[in-house]
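A.B. asks: no sequence on this one, just coordinates:
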């Protein structure tokens, strides 16, 4: 898995709550059997003026000038900022795949939907929960005339700007280690092979009907 | 020992190992697969030269992409090449890894959350996962069931386990008897309206109280199905006689001596009286009326006698902005009555509401009437081949067809419009599905979430009506 240690970059402010996975990557693109190719369709319905379908030449489509990611000021942003309950809806891992492929390394919001939050960690995308007040300040910084770059540091668990902004965030110890070291979670779990076999042996006596072929 | 919740018991009985860093490995009894979230997982497994840990725990079917017309023509006849490839890929993966699959056209095939319980592949006390957020459905059986992403699909295939953190316990108690003509769908929509789309984030919700106990197993599945729309990955209902009777004699259910032992164990799948919940929510079941969503997420919902809200009356600027955006997208005016909303299409189906009782409920409303001329399309999509067969045995297909409904083959269909069934831009749809997100049922489409009976009545009237007046 891709590591995440520290990211310094511009912030793209997407000022909405309840951004659902159907907005992050619409369903017509989920027909792909690959893990790549989703970045160009991130926020497809908001980003383009015409309806999109797989197989189109998306770079020739008309961009929605009112959508924040199409504002040149935020070109190259690597940190996405949003409001409450980001990533609600489906379990599609295509959502973090699309966000990463677009170029974001971290998403900051006051809260995330559980499945999206979990899927992000599996792919090296860091979801950062800050308080609403901190998120408000970041929206102010991001939309200022001269936006500053901010730094998200997983080792110190801090979000900072070059001036006075500083906020700390919590992250689960296991997920933090996996991200910092880019660990293969399956390989890690397979180190517990003996424990899994022992569980199966015990459980198949307690609940044999669960183990009939 | 202090009392344990149903969720605590399910967690404890599946805990393989608790690690020092707070994470845990939990064992997965049943893994359901479908074509959309599995191809990259199978690819990852093959690349790492890993094999499925326990083949018999896996059951696959195709549902999201399948056409709902002319399935008997076979996969090769599917027009959309990307849909066809995804379905063929699952067929190939199941063949090469030897995973049991109900292929398109098999009467046992259908929506993954309909066929699991229908086959008895979902049992009380199990852990059930699937690469689909509506896996919460299976919690109606007192099973710990939740959606997972593709990386976790691969993880479960390879290890039969998941790395998990324990969730918090929430109980939603629906008190009192439900009113005449009020259904499971209305209960869950009203609950989401009350607690919000993030109300259950981080929690396993146990649904309890008279309003839940009185529901059939199919109704309980409808409720648990939409736990995720309240932010909770897990919905649960305690096991009772109805649970056990529903499971009895299903193809994958335990038999003989196993059945006796299993049912003895299942009786304990209830929260202890002294169990502690982190959050307790009370919903007054007697006040719930048939619900209709007016906005672009499932908490934007109100009763049939209600009105579209006025954003100017909301003090919170973020919420006011969200309502304004939703009304613009939905083409609705503040203070407009719900019954004044006219429909272009009607969809009866999805993992929320496509089981036999749902179809019976809708057919009862439709019987002898005609779909309004102003409605372009009204369709019924059964949840599985077996639901379709059962409905046809009861003559429900004739009731629907004579009223002007289309009677389709099983699949997810217009719930998420990955196949050819979809809304056009600006079209209003009365839908028995679970999500009214922008574009969910087709780019620019406007979804209104309702029960099967309410959808059926709306199809006949051409606008929303209080179905209780028709029963």
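C.D. replies: That came in fine, so what should we check first? Values in this document were obtained by computation on a predicted structure and should not be read as measured data.
A.B. asks: Could you report the pLDDT at residue A:147?
C.D. replies: Looking at residue A:147, its pLDDT is 88.
A.B. asks: Quick check, it in contact with residue A:73.
C.D. replies: Yes - if you go by C-beta atoms under 8 Å, residue A:147 and residue A:73 touch, sitting 6.7 Å apart. Where C-beta positions appear, they are placed from N, C-alpha and C, glycine not excepted.
A.B. asks: Which one's more surrounded, the two?
C.D. replies: residue A:147 (17 against 13; other C-beta atoms under 10 Å in any protein chain shown).
A.B. asks: Leaving out sequence neighbours, find the closest residue to that one.
C.D. replies: Once flanking residues are discounted, residue A:147 sits nearest to residue A:10: 6.1 Å by C-beta to C-beta, 6 or more residues apart in numbering or on different chains.
A.B. asks: Around that neighbour, count how many other residues there are.
C.D. replies: 16.
A.B. asks: Residue A:74 is in contact with that one, correct?
C.D. replies: Yes - contact criterion C-beta under 8 Å: residue A:10 and residue A:74 qualify, at 6.2 Å.
A.B. asks: Give me the common contacts of those two.
C.D. replies: Both residue A:10 and residue A:74 are contacted by residue A:147, under the criterion C-beta atoms under 8 Å, 6 or more residues apart in numbering or on different chains.
A.B. asks: got the residues of the stretch 251-400 of chain B near chain A?
C.D. replies: B:254, B:258, B:259, B:261, B:262, B:265, B:297, B:318, B:321, B:322, B:325 (C-beta under 8 Å from any C-beta of the partner chain).
A.B. asks: are any of the residues you listed buried, and which?
C.D. replies: B:254, B:259, B:262, B:265, B:297, B:321, B:322 (16 or more other C-beta atoms under 10 Å in any protein chain shown).
A.B. asks: pLDDT (mean, whole number) over the strand ranked longest in chain B?
C.D. replies: Counting by DSSP state E, the longest strand found in chain B is strand B:168-175. Here strand B:168-175 scores 98 as its mean pLDDT.
A.B. asks: How far does stretch A:147-157 stretch from one end to the other?
C.D. replies: End-to-end span of stretch A:147-157 (C-alpha to C-alpha, to the nearest Å): 22 Å.
A.B. asks: Against residue B:173, how distant is residue B:438?
C.D. replies: Computed as C-beta to C-beta, to the nearest Å, the residue B:438 to residue B:173 distance reads 33 Å.
A.B. asks: Any buried residues in the host helix or strand of residue B:44, and which?
C.D. replies: Using DSSP states H and E, residue B:44 maps to helix B:39-47. Residues of helix B:39-47 classed as buried: B:39, B:40, B:41, B:42, B:43, B:44, B:45 (neighbour count, 16+ other C-beta under 10 Å).
A.B. asks: More neighbours: which of residue B:438 and residue B:173?
C.D. replies: residue B:438 (23 against 18).
A.B. asks: Spatially nearest residue to that one (excluding sequence neighbours)?
C.D. replies: Closest to residue B:438 by C-beta to C-beta, 6+ apart is residue B:296, at 5.2 Å.
A.B. asks: Does the one you found fall in a helix, a strand, or a coil region?
C.D. replies: Per DSSP: H, G, I helix; E, B strand; the rest coil, the secondary structure class of residue B:296 is coil.
A.B. asks: same deal with residue B:83?
C.D. replies: helix.
A.B. asks: Do you know the pLDDT at the nearest residue to it once chain neighbours are set aside?
C.D. replies: Using C-beta to C-beta, 6+ apart and skipping residues adjacent in sequence, the residue nearest residue B:83 is residue B:65, 4.1 Å away. pLDDT for residue B:65: 95.
A.B. asks: Residue B:65 touches residue B:89, doesn't it?
C.D. replies: No - checked against C-beta under 8 Å, the pair residue B:65 and residue B:89 is beyond contact range at 10.5 Å.
A.B. asks: overlap in contacts of those two?
C.D. replies: Common contact partners of residue B:65 and residue B:89 (C-beta under 8 Å, 6+ apart): residue B:35.
A.B. asks: Residues contacting stretch A:81-89 from elsewhere in the structure, which ones?
C.D. replies: A:11-22, A:24, A:95, A:107-113, A:115-117, A:120, A:127, A:132, A:135, A:138-139, A:142, B:133, B:197-198, B:201, B:231, B:297, B:318, B:435, B:437.
A.B. asks: Residue B:65 and residue B:89: who's more crowded?
C.D. replies: residue B:65 (27 against 16).
A.B. asks: List the contacts of that one.
C.D. replies: A:31, B:35, B:36, B:78, B:80, B:83, B:86, B:87, B:411, B:418, B:419.
A.B. asks: Three-state assignment for it, please.
C.D. replies: coil.
A.B. asks: Nearest to residue B:15 among the contacts of residue B:65?
C.D. replies: Set against residue B:15, the nearest of those by C-beta to C-beta is residue B:36 (30.1 Å).
A.B. asks: how about that closest one, secondary structure?
C.D. replies: Quick answer, by three-state DSSP: residue B:36 is coil.
A.B. asks: neighbours of it, just the number please.
C.D. replies: When neighbours are defined as other C-beta under 10 Å, residue B:36 has 29 of them.
A.B. asks: gap between residue A:137 and chain B?
C.D. replies: Distance from residue A:137 to chain B, counting by C-beta to the nearest C-beta, to the nearest Å: 15 Å.
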